[in-house]
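A.B. asks: Sequence plus predicted model, see below.
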Amino acid sequence: MTRLKLGLEWFLNPDHAPLLLAQDRGWFADEGLEVELIEPEEHLDAVEAIEKGEMDCAVTEPLHLVEDRANGEMCVGFARFLHTNGGVMAKASIERPRDMAGLRIQYPGAPGGGGPAIVATMVEADGGPSGTEGGYGRVNNSFYHTDALAEDKADVATLVFHNFEMVEAKQRGLDVRMFALKDWGVPDFCQLVLITHPDKLEAERETFAKLVRVLRRGIDAIKQEPEAAREVYFRLTESDPEDALTRAIYDATVPCFTHDFSMSDDYYGHLEDWMSARGLIDATPTEASGENVYWTNSLAL
């Protein structure tokens, strides 16, 4: 049995349902794998943990993958499994993206540049003023985006997922709207991918191929056997199946699981260009090397 330590990008939640279902039904064991799901103490510490041998692979988002490689970290993505609609959640009084210019932004990385880069791009795409990054209020209410708006700590919040924060806001009766990244000039990085060290991927290719096969099997089952899969999730996470919010988030997440695990060179080139233009990265690995260093489709196709 091969042991595989897989780091999650956040606390255990419906995004990880295919992995939980695979554990419950013994599909990892069928492939000779013993998979341990690790909830990291910090949201962005996966690459360091892989380099230290504390994890073998991890779930992350394309934005963080590009950040890590631009900072000289060695990591590569090899399977995308979830793609949701995400962007900026705003109070309903904010009718258009350009109305967000100069407002208070809630984002976990505050006072870093990520939140203003996203909002300023949207403002400009909607015909608003350019060069507004320095004029925003920067609020760090951790990942409690909905609380920040409900408690009037911020006017807008990023980055939110439609299957999570927007569902939560609706359940709480908040009057909010969402401006999607893809609609307002920001590359659509609201996706979850698996990463590892390039050398590790090469040396243990068959192990990661098995992981990808099981992940596909889990996604198929979630969509084909929705009631049974939901029961497994609530049982293994010890969640209350009668809790309306948890159930609504789970149901909104299921359609986000994708059967297409691949990603394109063009996608990562576009994301790198945007991050560089907005000052989120200093180095541009793809531009420097002339080839995509972020992603391989060798296991995804």
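C.D. replies: Received it, and whenever you're ready, just let me know what you need.

A.B. asks: going forward, measure contacts and count neighbours with C-alpha atoms only.
C.D. replies: Noted.

A.B. asks: Am I right that residue 201 sits in a helix?
C.D. replies: Yes. The assignment for residue 201 by DSSP: H, G, I helix; E, B strand; the rest coil puts it in a helix.

A.B. asks: residues near residue 173, how many?
C.D. replies: 10 (other Cα atoms under 10 Å).

A.B. asks: same question but for residue 71, I mixed them up
C.D. replies: 14.

A.B. asks: next one: phi and psi at it?
C.D. replies: Note on residue 71: backbone dihedrals following degrees, to the nearest 10 are phi -90, psi 10.

A.B. asks: list the contacts for the closest residue in space to it that isn't next to it in sequence?
C.D. replies: Spatially, and ignoring its direct neighbours in sequence, residue 71 is nearest to residue 283 (7.2 Å; Cα to Cα, 6 or more residues apart in numbering). By Cα atoms under 8 Å, 6 or more residues apart in numbering, the contact set of residue 283 is 70-71, 276.

A.B. asks: Following the chain past the biggest helix by length in the chain, name the next helix or strand.
C.D. replies: Counting residues, the longest helix found in the chain (DSSP state H) is helix 205-224. For helix 205-224, the succeeding helix or strand toward the C-terminus, using DSSP states H and E, is helix 226-236.

A.B. asks: Could you list the alpha-carbon positions for that following helix in PDB?
C.D. replies: C-alpha atoms of helix 226-236 as PDB (Å, rounded to 0.1, in the frame of the first residue of the first chain):
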ATOM      1  CA  PRO A 226     -26.400  12.400  -5.600                       C
ATOM      2  CA  GLU A 227     -28.400  11.200  -2.500                       C
ATOM      3  CA  ALA A 228     -25.900   8.400  -1.600                       C
ATOM      4  CA  ALA A 229     -22.900  10.800  -2.000                       C
ATOM      5  CA  ARG A 230     -24.600  13.500   0.100                       C
ATOM      6  CA  GLU A 231     -25.100  10.900   2.900                       C
ATOM      7  CA  VAL A 232     -21.500  10.000   2.900                       C
ATOM      8  CA  TYR A 233     -20.400  13.600   3.000                       C
ATOM      9  CA  PHE A 234     -22.600  14.500   6.000                       C
ATOM     10  CA  ARG A 235     -21.700  11.300   7.800                       C
ATOM     11  CA  LEU A 236     -17.900  11.600   7.400                       C
END
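
A.B. asks: Tell me what angle that helix forms with helix 205-224.
C.D. replies: Relative orientation of helix 226-236 versus helix 205-224 (axes from the mean of the first three to the mean of the last three Cα atoms, to 10 degrees): 120 degrees.

A.B. asks: Pull out the buried positions in the following helix or strand past helix 226-236.
C.D. replies: The helix or strand immediately downstream of helix 226-236 is helix 244-253, counting by DSSP H and E. Residues of helix 244-253 classed as buried: 245-247, 249-250, 252-253 (neighbour count, 16 or more other Cα atoms under 10 Å).

A.B. asks: Could you dump those into CSV with distance to residue 99 added?
C.D. replies: Formatted as CSV, these follow (distance: Cα to Cα, whole Å):
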residue, distance to residue 99
245, 30
246, 32
247, 33
249, 29
250, 32
252, 28
253, 30
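
A.B. asks: Please identify which of the residues you listed is nearest to residue 110.
C.D. replies: Each of the buried residues of helix 244-253 was checked against residue 110 using Cα to Cα; the closest is residue 249, at 25.9 Å.

A.B. asks: Would you mind finding the longest strand in this protein?
C.D. replies: Longest strand of the chain, by residue count under DSSP state E: strand 76-83.

A.B. asks: what ranges do the helices span in the chain?
C.D. replies: Under DSSP H, the chain gives helices at 17-24, 27-30, 46-52, 62-70, 114-125, 145-150, 167-171, 198-203, 205-224, 226-236, 244-253, 265-277, 285-289.

A.B. asks: Which positions in the third one come out as buried?
C.D. replies: Neighbour-count burial for helix 46-52, with 16+ other Cα under 10 Å as criterion, is recorded at 46-47, 49-51.
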